[in-house]
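[1] Let me see the structure of the following:
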Amino acid sequence: MRAIGNPFGSRAVLPLTLLGAALAAFATMVVQTHQGIAMTADGDVGVHMHMAMADAGSGAQARPKTVVTPISCERLPNVPGKSITTAIVAFPPNAYTSRHRHPGSVSAFVLKGTLRSQLEGGPVGTFAKGQTWFEPPGVIHLFAENASATEPAELLATFIADDDCGALTIPD
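    Just a heads-up that it's a prediction; the model follows:
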């Protein structure tokens, strides 16, 4: 893993790297155990959240929607007022997510396929299976898209935000 745009300086890279590795291992276990099951923080099963999508095609043809499936939300006992939420984000072939931001920090880990993503002020990045990117709180995420028009892609998103386990995405 690598730290991208770490606002906390180099001393935070090792703890963030260790946290990221632990989260990836945990998420892999959860995904393998609960494949196809969506669970909200209050234990309800079968809930999916659809992110708002922009018409990224020509004319009236809209691109497929991204589906966000929350896996868990837990309070962080050692960080008062904060929770960690994990979610699977499925990108059907040619899916596109328009400009948005998040209320907390986000780490994205590509589980399958290849995704393109760009944060405001940064270059467009292409991320394949096993690669990651980090989004600081409130930074504008200009877009994320499946790089393939024929194969699905999927990522594990880990959010560190306020205890309310509320909205993960804020349209901008």
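[2] partners of the helix or strand containing Leu156, with directions?
    Assigned by DSSP states H and E, Leu156 falls within strand 153-162. Here strand 153-162 is paired, per DSSP bridges, with strand 82-91 (antiparallel), strand 105-112 (antiparallel).
[3] avg pLDDT for stretch 75-82?
    Regarding stretch 75-82, the rounded mean pLDDT is 93.
[4] Oh, that last question was meant for stretch 109-123, not what I typed.
    97.
[5] first to last residue in that stretch, what's the distance?
    By C-alpha to C-alpha, to the nearest Å, the extent of stretch 109-123 from end to end equals 18 Å.
[6] Just checking, which helix or strand succeeds the strand holding Leu156 along the chain?
    Per DSSP H and E, the first helix or strand lying C-terminal to strand 153-162 is strand 170-171.
[7] That following strand packs against which elements?
    Applying 3 or more C-beta pairs under 8 Å, 6 or more residues apart in numbering; DSSP states H and E, one finds that strand 170-171 makes contact with strand 100-101. The C-beta positions use only the backbone N, C-alpha and C, and glycine is treated the same way.
[8] Just name whatever secondary elements the strand it packs on is in contact with.
    When contacts are defined as 3+ C-beta pairs under 8 Å, 6+ apart, strand 100-101 sits against strand 170-171.
[9] Note down every partner strand of the strand it packs on and its orientation.
    Here strand 170-171 is paired, per DSSP bridges, with strand 100-101 (antiparallel).
[10] Contacts for the strand it pairs with next, please.
    Met51, Ala52, Gly138, Val139, Ile140, His141, Thr169, Ile170, Pro171, Asp172 (C-beta atoms under 8 Å, 6 or more residues apart in numbering).
[11] and Ala161, which of the strands paired with strand 153-162 is closest to it?
    Among these, strand 82-91 comes nearest to Ala161, with 6.4 Å by C-beta to C-beta.
[12] Helix or strand next in line after that closest one, which one?
    Beyond strand 82-91 toward the C-terminal end (DSSP H and E), the next one is strand 96-97.
[13] List the contacts of Ala149.
    Pro93, Asn94.
[14] Only the buried residues of stretch 62-71, if you could.
    By 16 or more other C-beta atoms under 10 Å, the buried positions in stretch 62-71 come out as Arg63, Pro64, Lys65, Thr66, Val67, Val68, Thr69, Pro70, Ile71.
[15] err, stretch 148-159, not the other one
    Quick answer for stretch 148-159 (16+ other C-beta under 10 Å): Ser148, Ala153, Glu154, Leu155, Leu156, Ala157, Thr158, Phe159.
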